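Engineer: sequence and predicted structure are below.
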Amino acid sequence: MFFLLRMAFWLGLVLILLPSDSAQQPEGSQVAATDAISAASATVGDLRQFCARQPDACTVGSHVASQLGSRAQAGARMLYEFVTGNMKGKDGASANSARPVKPADGAFADKDSQNTLTPADLAAPWRGPEPRKEPRHAV
């Protein structure tokens, strides 16, 4: 959800900053940069005082934000469980089950090794000689 809001914000910003034809803008719609900055700062100042003017709305808003956060967390957990559940193999083993399992007798000395290939695994496969290229004879 937050990703969508962030994407909408940046897309809106890009669309606002794209150049446009002067014919598309109605006359008298030019706003000076100083006027826009002063209007934005007045809006931010007004929003800072919102909770002082409307404490009930701030309380309800904080509860809504808390519920949305917990729902997003539960949704992310459900999505994670769904994805990891689909990655399981037919026998219930995970997709990266090619990793060797530690034997019960502690042969690996309690740490997983990253060097699990044998010399036979590292050897290049035999490809045989390349076929001889014989020139074509004109008949």
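Structural biologist: Yep, it's here.
Engineer: which residue ranges form the helices in this protein?
Structural biologist: 2-17, 33-48, 50-53, 55-86, 119-122 (DSSP state H).
Engineer: chain center to the last one: distance?
Structural biologist: So the one you mean is helix 119-122. How far helix 119-122 lies from its chain's middle: 38 Å, per C-alpha atoms, centre = their mean, to the nearest Å.
Engineer: could you list every helix and strand in contact with that helix?
Structural biologist: When contacts are defined as 3 or more C-beta pairs under 8 Å, 6 or more residues apart in numbering; DSSP states H and E, helix 119-122 packs onto no helix or strand at all. C-beta coordinates here come from the backbone N, C-alpha and C atoms, glycine included.
Engineer: where does the prediction get shaky in the protein?
Structural biologist: By pLDDT under 70, the low-scoring segments of the chain are 20-29, 89-113, 138-139.
Engineer: format the helices of the chain as a markdown table; extra columns: distance to P129 and mean neighbour count.
Structural biologist: Output for the helices of the chain, formatted as a markdown table (distance: least, C-beta to C-beta, whole Å; neighbours: other C-beta atoms under 10 Å):
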| stretch | distance to P129 | mean neighbour count |
| --- | --- | --- |
| helix 2-17 | 57 | 9 |
| helix 33-48 | 76 | 10 |
| helix 50-53 | 82 | 11 |
| helix 55-86 | 46 | 10 |
| helix 119-122 | 22 | 6 |
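Engineer: TSV please, covering those helices and showing distance to E130.
Structural biologist: Putting the helices of the chain into TSV (distance: least, C-beta to C-beta, whole Å) gives the following:
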stretch	distance to E130
helix 2-17	53
helix 33-48	72
helix 50-53	79
helix 55-86	44
helix 119-122	24
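Engineer: so which of these gets nearest H137?
Structural biologist: Proximity to H137 (C-beta to C-beta) singles out helix 119-122 among those, at 44.8 Å.
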